[in-house]
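Q: Return a 3D structure for these sequence lines:
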Amino acid sequence: MTRENKKKSFDKGYYRNHPCNESFICKVCGRTVVPEGAGSEHRNHCPYCLSSKHLDNEPGDREADCGGVMEPVSVWVRKSGEWAVIHRCRICGHFSSNRIAADDNPMKLMSLAMKPVSSPPFPLERIEEMTRLMGGDGILKW
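A: So this is what the prediction gives:
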């Protein structure tokens, strides 16, 4: 079964409890992605660009009709300390969380983690003014 043939007859949630052994070609970067090296039996995104394909409504159900590209938009750290990638579908906007794989591109992961710091929702030139408005003296002391 190829990833594109997602409607093959399996019970709902089949991939939640069974390994996903198929290779696929990433729709974003075009590289071949193999299941080996992920560190788990559930490869669900490209280790090079971290993109995925919208296949599931719930993990492993393969019931999403959208089929859009799931782009990596952020990372978060679970209680256990394990990192996960937050994906958002470019077509329908659905969000999902997927644990990182052992062979994921570390520079891509760090880039996602640093995105809020490198692109704050306000101009950095106004940080002193904003600090003053919040009751501080507005002077940055190093």
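
Q: contacts, neighbours, all on C-alpha from now
A: Fine.

Q: All the strands of this structure, in order from the start?
A: Secondary structure of the chain (DSSP state E): strands located at 24-25, 32-33, 52-53, 69-77, 83-89, 95-99.

Q: Just put those in CSV and tack on mean pLDDT.
A: CSV is the format used below for those (pLDDT from 0 to 100):
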stretch, mean pLDDT
strand 24-25, 88
strand 32-33, 88
strand 52-53, 90
strand 69-77, 95
strand 83-89, 95
strand 95-99, 91
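
Q: got a list of what Cys26 touches?
A: 32-33, 46, 51-52 (Cα atoms under 8 Å, 6 or more residues apart in numbering).

Q: Using ChimeraX, define a selection of the buried residues within those.
A: Buried members of the contacts of Cys26, defined by 16 or more other Cα atoms under 10 Å, are picked up in ChimeraX with:
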select :33,46,51,52
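
Q: Give the rounded mean pLDDT of the longest helix along the chain.
A: In the chain, with assignment by DSSP state H, the single longest helix is helix 106-118. The average pLDDT for helix 106-118 rounds to 93.

Q: Not counting it itself, show me its contacts.
A: With Cα under 8 Å, 6+ apart as the criterion, helix 106-118 contacts 48-50, 72-76.

Q: can we see that at 7 Å?
A: Applying Cα atoms under 7 Å, 6 or more residues apart in numbering, the contact partners of helix 106-118 are 73-75.

Q: cool, stretch 70-84 as well?
A: Here stretch 70-84 has contacts from 50-54, 85-90, 97-100, 112-113, using Cα under 7 Å, 6+ apart.

Q: Go through it and flag the buried ones.
A: Of the residues in stretch 70-84, those buried (16+ other Cα under 10 Å) are 70-76, 83-84.

Q: same thing with stretch 47-59?
A: For stretch 47-59, the neighbour count (16+ other Cα under 10 Å) marks 47-56, 59 as buried.

Q: ok so, going back, out of the strands of the chain, which gets nearest to Thr131?
A: strand 69-77 (26.9 Å; Cα to Cα).

Q: In contact with Ala38, which residues?
A: Ala38 neighbours (Cα under 7 Å, 6+ apart): 101-103.
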